[in-house]
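Enquirer: here's a sequence, model it:
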Amino acid sequence: MTVRRVVFGLAAVLMAAACTSGGNDSPQAAATTTAPAPSGSATSSGAPTPTPTPDLPAGCDDMLPFTDLDQALGRPLFGDTRLVVGVAEPSIGRTGRITCQYGLARGGRGAAPVEVGVSTYTDADSATKRVAATVASLRGGAVSQSTATVAGQQATVIGDRSGFTAVLAQGNRTVAVTVLRATRGQPNRAVVNIAEKVLANWGQ
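Expert: Sure, this is the predicted structure:
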């Protein structure tokens with residue numbers, strides 16, 4: 001293989017990676033992952049953990065302890081937990097974001113049965129707009145849509161063939177919770193229960 005082909009191939013990979021970032025507020029839109037840690041563990045092992053902004057939970061145990069997660073699901077969820085630290089996006093008013101993935105297979109393989117993303121924005125209007133944009137994006141593959149009340153706020157629950165996602169804004173922050181259909185129990189209710197736990201732990 002010539003040097004020119006190697007350079008061209010590397011440039012293509014970098015360009016593809018640069019095009020994957022976006023402003024969607026669903027949990028899958030975060031970036032910069034840390035090493036997985038066992039669910040229920042109070043500390044993360046492996047690589048140093050990026051520091052979230054002060055207005056965000058310090059980590060997954062701070063946002064949703066495994067005891068609260070089990071209560072929200074109605075059963076214990078075993079597996080690894082991964083913290084994902086997102087980046088600020090001034091163009092949409094986002095000042096910070098973290099995502100926690102729960103119940104991962106050993107080594108962090110496969111899709112997370114439960115994923116929770118929380119974000120902060122410069123103001124309440126920016127947060128509300130991001131929720132509306134997220135709902136519009138999720139509706140493309142949706143098979144159901146409903147509303148629920150979470151901590152006095154209206155949440156939208158979108159169901160697709162793989163799971164359910166609840167999104168809501170409270171002041172200048174947003175919460176997005178996804179639970180896969182393969183998770184035993186009632187994933188459509190679990191997303192609402194988890195969102196309530198997150199807001200209770202994150203502060204009203």
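Enquirer: and residue 71, how many neighbours?
Expert: For residue 71, the neighbour count with other Cβ atoms under 10 Å is 14. (Each C-beta comes from the backbone N, C-alpha and C, glycine too.)
Enquirer: where exactly do the helices run in the chain?
Expert: 3-18, 60-63, 66-73, 124-138, 187-202 (DSSP state H).
Enquirer: got the CA positions of the longest strand along the chain in PDB?
Expert: Among the segments of the chain that qualify as a strand by DSSP state E, the longest is strand 94-104. What follows is strand 94-104, C-alpha atoms only, in PDB (Å, rounded to 0.1, in the frame of the first residue of the first chain):
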ATOM      1  CA  ARG A  94     -25.800  23.400  26.100                       C
ATOM      2  CA  THR A  95     -23.300  23.900  28.900                       C
ATOM      3  CA  GLY A  96     -22.700  20.300  29.900                       C
ATOM      4  CA  ARG A  97     -23.900  16.700  29.800                       C
ATOM      5  CA  ILE A  98     -23.300  13.300  31.200                       C
ATOM      6  CA  THR A  99     -24.800  10.000  30.200                       C
ATOM      7  CA  CYS A 100     -24.800   6.800  32.300                       C
ATOM      8  CA  GLN A 101     -25.300   3.300  30.800                       C
ATOM      9  CA  TYR A 102     -26.400   0.600  33.200                       C
ATOM     10  CA  GLY A 103     -26.400  -3.200  32.900                       C
ATOM     11  CA  LEU A 104     -23.700  -3.600  30.300                       C
END
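Enquirer: what packs against that strand?
Expert: helix 60-63, strand 80-85, strand 114-121 (3 or more Cβ pairs under 8 Å, 6 or more residues apart in numbering; DSSP states H and E).
Enquirer: what's the least confident stretch among the helices of the chain?
Expert: Of all those, mean pLDDT reaches its minimum on helix 3-18 (a mean of 37).
Enquirer: contact partners for residue 198?
Expert: By Cβ atoms under 8 Å, 6 or more residues apart in numbering, the contact set of residue 198 is 63, 64, 116, 118, 175, 177.
Enquirer: ok, the fourth one - how many residues close by?
Expert: Put plainly, it is residue 118. Around residue 118 there are 27 residues (other Cβ under 10 Å).
Enquirer: hmm, it is touching residue 60, no?
Expert: No: contact criterion Cβ atoms under 8 Å: residue 118 and residue 60 do not qualify, at 10.7 Å.
Enquirer: remind me which residues of the chain are low pLDDT?
Expert: Applying pLDDT under 70 to the chain flags the ranges 1-54, 203-204.
Enquirer: now do 80
Expert: 1-54, 108, 203-204 (pLDDT under 80).
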